[in-house]
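Student: I would like the atomic coordinates for the input below:
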Amino acid sequence: MKKRAYVYTRVSTAVQVDGFSLEGQLKEIEAYCDYKGIEIVRKYEDAGVSGTSIQGREQFQKMLKDVKEKREIDYVIVWKLSRFGRNACDTLNALETLKKYGVNLIATKESLSSEELTGDLVIKILSIVAEMERENIIEQTKNGKKYNALQGGWNGGQAPYGYKLDNKRLVVVPEEKKVVEYIYDLFLSDDKIGYTGIVCRLNEEGIEPRKVPKKSLKDKSIIPPQEHWDNSAVKRILDNPVYIGKLVYGKDTIVKQEDGTKKRVHNAVYTLVDGLHEPIIEEQKWNMVQEKRKRMANKHKRDKSKKSEVKNLLSQLIICPECGNRMIATKTGGHRNKHGEMKYYHSYVCGYNNNHKGCCHKNAVKTERIDIPVIETLRAYIQKKEFMLAVKEQLEKQVDISSIEKEIAGCKKEQEKLQARESQQYSILEKIGYDEKYKNVKEDRILDAINRIAEESSAVQEKLLAKEKTLTAAKNNSLTMEKIQYAIENFAVVFQSASKDLQNELIQHFVDEIRLERDSENGKLYPKSMVIKFTGEEIDLVVENLGVKKSHVETVCLLSRKVPV
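Tutor: Residues are numbered from 1 along each chain as shown. Have a look, this model is predicted:
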């Protein structure tokens with residue numbers, strides 16, 4: 001018998017509503033269902049709605065109601081787990097509701113299904129840690145900025161290389177203009193020259209990138225200060241339509257995270273308008289560059305598909321001991337062994353050196369010599385009672401019932417004040433024409449005041465209802481320590497059966513950074529310690545005898561020591 005499913009899609013911003021995201025999610029889900037032979041019974045869509053709580057998601061609530069009443073499906077399918085929910089309490093409670101009625105959850109992007117034991121555990125683990133590190137996103141773009149962009153004006157921020165700001169207008173910098181033209185000419189001079197080739201040429205010729213004023217060094221939200229050219233800087237110049245006199249609005253959004261750092265988010269849908277500034281590059285040349293970049297991207301995809309998978313389990317987590325930047329996974333070799341199989345060597349290398357040729361050093365570390373200590377130590381650490389209590393404490397902070405009750409009381413007090421103001425205005429309205437005191441008061445003015453009060457009352461009422469729903473959800477919260485403990489205790493089983501990408505995602509949720517140390521005698525690098533997210537605790541990765549694990553009070557897990565990496 002053919003399996004049946006409900007499909008749920010969600011986006012959280014107005015830009016996404018009109019763009020690719022909803023349609024893109026649906027297309028991927030439909031392709032998955034077609035491949036698996038699953039019949040889609042109904043589709044539910046929440047457009048422009050946050051995933052923080054399910055209370056404000058009308059279609060999600062309707063879907064759960066249909067699950068309970070109609071009992072006609074086997075699955076609820078989402079594109080990604082975050083589309084189902086980002087609040088651990090809501091996600092786990094909704095998952096329990098589905099299970100109660102014999103329905104399983106599938107997340108196509110992550111290849112997760114609650115029908116399978118490991119999939120069910122992964123969903124629970126990811127729901128818990130996602131709640132703990134959920135971004136506190138504040139919308140930075142205002143309507144005034146959008147209007148300014150549509151008129152061709154610069155919206156502020158650092159001027160792109162080749163320009164400077166003069167009275168909020170982009171003005172060409174002659175010296176930098178020559179470098180921009182040089183980069184475009186180099187890129188088109190030879191099909192074999194790419195970003196790295198241009199970076200090498202610029203650094204070798206001593207052409208310096210723009211120096212950032214000291215007062216600007218604290219604001220790294222747009223472009224960080226640089227001493228050398230790198231691939232990203234060259235890509236920005238070749239990609240930016242500002243050089244042909246165009247301005248982009250809405251392509252990138254800077255969002256602030258809970259730890260105070262800022263993150264750039266790319267949007268699939270954006271606006272392109274004619275700017276008021278002087279172009280540096282001819283449009284025909286810019287188009288030729290974009291065509292070459294597309295060819296390079298397609299070739300990279302083909303080449304990547306032919307190569308074995310890069311083992312990037314700890315990519316971007318390891319700190320380079322020389323320059324302090326993050327290290328990335330690389331693969332070298334590519335020869336056949338005596339059995340005819342392709343042999344590759346997987347290592348972590350300094351990402352700064354990889355992008356800034358000639359800067360820092362590779363500081364290569366073999367993946368197998370560092371992956372194992374990290375996995376084993378993490379596996380033991382997260383099962384400690386102290387860690388589970390820290391998780392529980394963090395989650396309990398998310399739902400402060402007393403603060404919600406105070407906000408509700410504040411809303412009710414505000415309603416009383418508005419009602420008093422409204423009564424006062426109606427009293428004045430009744431006296432106009434009869435009371436000498438109000439003979440100069442115009443009726444229209446009073447009616448306008450009453451309308452404004454009504455609008456304020458409506459907003460307060462809406463806020464009050466939302467807070468009451470939040471309070472109800474908090475009081476009915478069924479997230480317990482037992483659920484958390486069950487999911488974390490089964491971490492080893494989940495991790496062992498997960499794909500490389502999913503393993504990387506799990507580790508990224510728990511580990512903030514991994515540190516290396518260099519042996520003073522032989523100069524070689526060894527795994528030293530890792531820093532746990534949320535607690536900030538540094539855990540040693542001690543190595544004594546390769547493959548021999550020993551217990552340790554503080555370090556949880558001891559592995560081999562002084563084994564060259």
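
Student: got any ranges where the stretch 301-450 of the chain has weak pLDDT?
Tutor: 301-311, 333-342, 353-359, 392, 394-400, 433-434 (pLDDT under 70).

Student: let me know the pLDDT of Val15.
Tutor: Predicted confidence (pLDDT) for Val15: 40.

Student: ditto for Lys263
Tutor: 62.

Student: can you check Asn490 too?
Tutor: In this model, Asn490 carries a pLDDT of 75.

Student: give me the neighbour count for the residue nearest to Arg421 when sequence neighbours are not counted.
Tutor: Leaving aside its sequence neighbours, Arg421 sits nearest to Ile453 (C-beta to C-beta, 6 or more residues apart in numbering; 5.5 Å). For the C-beta atoms, the positions are set from N, CA and C on the backbone; glycine is no exception. Neighbourhood size, Ile453 [other C-beta atoms under 10 Å]: 20.

Student: Val179 too?
Tutor: With other C-beta under 10 Å as criterion, Val179 counts 19.

Student: right, and it touches Val172 too?
Tutor: No: the criterion here is C-beta atoms under 8 Å, and Val179 misses it with Val172 at 11.9 Å.

Student: tell me the residues that contact both of those two, please.
Tutor: Gly162 (C-beta atoms under 8 Å, 6 or more residues apart in numbering).

Student: buried ones in the helix or strand containing the residue nearest to Arg421, by neighbour count?
Tutor: If you go by DSSP states H and E, Ile453 is part of helix 443-475. Neighbour counts over helix 443-475 (16 or more other C-beta atoms under 10 Å) mark 446, 449-450, 453, 456-457, 460, 464, 466-467, 470-471, 473-474 as buried.

Student: same for the helix or strand Arg369 falls within, what does it pack against?
Tutor: In this structure, Arg369 sits in helix 367-381 according to DSSP H and E. Using 3 or more C-beta pairs under 8 Å, 6 or more residues apart in numbering; DSSP states H and E, the elements in contact with helix 367-381 are strand 342-350, helix 491-497, helix 500-510, strand 511-518, strand 525-532, strand 558-559.

Student: could these go into a markdown table alongside mean neighbour count and distance to Glu115?
Tutor: Formatted as a markdown table, these follow (neighbours: other C-beta atoms under 10 Å; distance: least, C-beta to C-beta, whole Å):
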| stretch | mean neighbour count | distance to Glu115 |
| --- | --- | --- |
| strand 342-350 | 19 | 33 |
| helix 491-497 | 16 | 14 |
| helix 500-510 | 17 | 16 |
| strand 511-518 | 18 | 29 |
| strand 525-532 | 21 | 32 |
| strand 558-559 | 22 | 36 |
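
Student: mean pLDDT lowest for which of these?
Tutor: When I compare the helices and strands packed on helix 367-381, strand 558-559 is least confident, with a mean of 36.

Student: show me the contacts for the residue lying closest to Lys528 once chain neighbours are set aside.
Tutor: Leaving aside its sequence neighbours, Lys528 sits nearest to Glu517 (C-beta to C-beta, 6+ apart; 4.1 Å). Glu517 sits next to Pro321, Leu525, Tyr526, Lys528 when contact means C-beta under 8 Å, 6+ apart.

Student: ok, now with 7 Å
Tutor: For Glu517, the contacting residues are Pro321, Tyr526, Lys528, by C-beta atoms under 7 Å, 6 or more residues apart in numbering.

Student: assess the claim that the second one and Asp519 are in contact.
Tutor: Yes: distance between Tyr526 and Asp519: 6.4 Å, which falls inside the contact criterion (C-beta atoms under 7 Å).

Student: hang on, Lys285 is in a helix, isn't it?
Tutor: Yes: assessed by DSSP: H, G, I helix; E, B strand; the rest coil, Lys285 belongs to a helix.

Student: tell me, how many neighbours does it end up with?
Tutor: Neighbour tally, Lys285, other C-beta under 10 Å: 16.

Student: any buried residues in the helix or strand hosting Lys68, and which?
Tutor: Applying DSSP H and E as the criterion places Lys68 in helix 58-70. For helix 58-70, burial by neighbour count (16+ other C-beta under 10 Å) applies to Gln59, Phe60, Met63, Leu64, Asp66, Val67.

Student: isn't the last one right up against Asn104?
Tutor: Read it as Val67. No: here Val67 lies out of contact with Asn104, judged by C-beta under 7 Å, at a distance of 11.2 Å.

Student: now the common contact residues for the two.
Tutor: Common contact partners of Val67 and Asn104 (C-beta under 7 Å, 6+ apart): Leu98.

Student: quick one: low-confidence ranges for the stretch 51-200 of the chain?
Tutor: 51-55, 86-88, 127-157.

Student: could you pull out the helices for it?
Tutor: Using DSSP state H, counting those that start in this stretch, the helices of the stretch 51-200 of the chain run over residues 58-70, 81-84, 88-100, 117-132, 143-150, 174-189, 195-204.

Student: now those in CSV, with distance to Leu418?
Tutor: Formatted as CSV, the helices of the stretch 51-200 of the chain follow (distance: least, C-beta to C-beta, whole Å):
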stretch, distance to Leu418
helix 58-70, 27
helix 81-84, 38
helix 88-100, 32
helix 117-132, 35
helix 143-150, 27
helix 174-189, 56
helix 195-204, 60
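
Student: and Arg421, which of the helices and strands packed on helix 367-381 is closest to it?
Tutor: Proximity to Arg421, assessed across the helices and strands packed on helix 367-381 by C-beta to C-beta, is greatest for helix 500-510 (49.6 Å).

Student: which strands or helices does the closest one pack on?
Tutor: helix 117-132 (3 or more C-beta pairs under 7 Å, 6 or more residues apart in numbering; DSSP states H and E).
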